[in-house]
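**Student:** Quick one, what's the 3D model for this:
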Amino acid sequence: MFSFLRKPPTEAAARPDQPQAPVAGSAGTDTRLPDAAQWLQRLEWTVLKRLDGQLQGDYRSLFRGSGLVLADLREYQAHDDVRHIDWNVTARMQTPYVREHQEDREIAAWFVLDLSGSVAFGSGPTSKRELACSIVTVLSKLLSQHGNRVGLMLFTGQARAHSVVPARSGKRHLLHIVHQMLRADPPPTHAKAVQTSALGPWLAQAQSVLRRRSAVFVVSDFISPTGWEKPLAQLARRHEVVAVRLHDPLEMAWPDNTGMLLVQDAESGEQLLVDGNDAAFRQRFAQHAQDREAALLDSLARAGVDCLELSTDEALDQALLRFAQLRKRASQLSAASTRPMAAGGAHA
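**Tutor:** Numbers count the residues shown, from 1 in each chain. From the prediction side, this is the model:
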């Protein structure tokens, strides 16, 4: 995994007599996490209270229910889902017509949560793991207070889910979800037993578990072997999927003047001695980070998935507000672009 960081053969190797710095582990600043009630209470004061009153009207613009009540009929357009075609009306009119349903207020929201070894990393006081638990708690609270059901699929590095919490509502259920996240331990890391994030199989399992249309939040740092793009696109065809991408500033740029460091892969246990003072090394590191970032954003765009970017050095409430504004703007633009076509069809 560290092959992109290794020096080319023409460069000088590190001297064996060079003193080594302490191991730069990927566990970040792991501290003893509070219990579920304390965790929820802390986020209510630090995040939820700040969001109170600032997400008015977010229900229809952010998450759309499946809908069961027939609202209208209109001619079929290229972007419509063929499953909404009304075949009886189509046969009478000799033109494809689709049904428009009134959206339900209640939806089912599922969180596909990645708590593998790489998510435990954090260069500051907040690790990606803590950030992931915080965003799931905040979104679960915001959704459940409207009467929506919330479920959780939690992965810690194994091929299958560590735990699956069915979608339910209520504060007791919310505390159960928070407890599952805070007490989920990642698998032990040692060199001979490689434990890597496997987003592809995880998303495939989510497809088999989630039968009814839901709002699905994939919470991960997306540091995973390739192959997850197709399962994500398949999941997005049936559900409304939002990718919650976790990242740390240190993953994008290596700091200057760090000297010799022994770094260890968080999941495989592979270790590599690097020279942080080497400008060529820092350039290779930054270039690899930029390439991975571009490939990730391109994969999410091709899958038709919105992305909520969360950084360990950014306030969670500000990131949620920014994402809500983008979703509302996209919804308004979509409504404005389809309204003239719908009116023209009705007039014809």
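**Student:** Which residue is the nearest non-sequential neighbour of Thr156?
**Tutor:** Among residues not flanking Thr156 along the chain, His162 sits closest, at 4.5 Å (CB to CB, 6 or more residues apart in numbering). C-beta here means a position set from N, CA and C on the backbone, and glycine is covered the same way.
**Student:** separation between that neighbour and Arg183?
**Tutor:** His162 sits 10 Å away from Arg183, going by CB to CB, to the nearest Å.
**Student:** do Gly124 as well
**Tutor:** Going from Gly124 to Arg183 by CB to CB gives 24 Å.
**Student:** again with Leu199
**Tutor:** Counting by CB to CB - Leu199 and Arg183 are separated by 23 Å.
**Student:** and what of Val216?
**Tutor:** 23 Å.
**Student:** Give me the more crowded residue out of these two.
**Tutor:** Val216 (26 against 11; other CB atoms under 10 Å).
**Student:** Kindly give the local confidence score, pLDDT, for that one.
**Tutor:** On the pLDDT scale, Val216 is placed at 95.
**Student:** Gln287 too?
**Tutor:** For Gln287, the pLDDT comes out at 94.
**Student:** got the buried residues for the host helix or strand of it?
**Tutor:** Assigned by DSSP states H and E, Gln287 belongs to helix 279-302. For helix 279-302, a neighbour-count test (16 or more other CB atoms under 10 Å) marks Phe281, Arg282, Arg284, Phe285, Ala289, Leu296, Ser299, Leu300 as buried.
**Student:** quick one: which of those residues is nearest to Leu48?
**Tutor:** Distance to Leu48 across the buried residues of helix 279-302 (CB to CB) is lowest for Leu300, with 27.2 Å.
**Student:** quick one: that closest one from Arg99, how far?
**Tutor:** Going from Leu300 to Arg99 by CB to CB gives 30 Å.
**Student:** so Glu130 touches Gly122, yeah?
**Tutor:** Yes - contact criterion CB atoms under 8 Å: Glu130 and Gly122 qualify, at 7.3 Å.
**Student:** pLDDT weak spots in this structure?
**Tutor:** 1-34, 53-71, 101-106, 186-196, 329-348 (pLDDT under 70).
**Student:** relative to its centroid, which residue of it is most remote?
**Tutor:** Going by CA atoms, centre = their mean, the residue of the chain most distant from its centre is Arg92, 44.9 Å out.
**Student:** And the helix or strand harbouring that residue, how far out from the chain middle?
**Tutor:** Using DSSP H and E, Arg92 falls within helix 87-93. Here helix 87-93 is found 41 Å from its chain centre; the criterion is CA atoms, centre = their mean, to the nearest Å.
**Student:** Name the residues of stretch 239-252 that are buried.
**Tutor:** Neighbour-count burial for stretch 239-252 flags His239, Glu240, Val241, Val242, Ala243, Val244, Arg245, Leu246, His247, Asp248, Leu250, Glu251 (criterion: 16+ other CB under 10 Å).
**Student:** On the three-state scheme, the fifth one is what?
**Tutor:** Yep, that's Ala243 we're talking about. strand (DSSP: H, G, I helix; E, B strand; the rest coil).
**Student:** can you start the count at 665 instead of 1 from here on
**Tutor:** New numbering, starting at 665: the last item is Ala907.
**Student:** Okay, and the beta partners of it?
**Tutor:** Beta-bridge pairing for Ala907 (DSSP bridges): Val882, Cys971.
**Student:** give the contact list for the spatially most central residue of the chain.
**Tutor:** Centroid check for the chain by CA atoms, centre = their mean gives Val908 as the closest residue, at 2.4 Å. Residues near Val908 by CB atoms under 8 Å, 6 or more residues apart in numbering: Ala796, Ile799, Phe881, Val882, Val883, Ser884, Cys971, Leu972, Leu974.
**Student:** and which of those is nearest Phe987?
**Tutor:** Within these, distances to Phe987 taken as CB to CB reach their minimum at Leu972, with 4.7 Å.
**Student:** what sits against the closest one?
**Tutor:** Leu972 touches Ile799, Val906, Ala907, Val908, Arg909, Ala983, Leu984, Phe987, counting by CB under 8 Å, 6+ apart.
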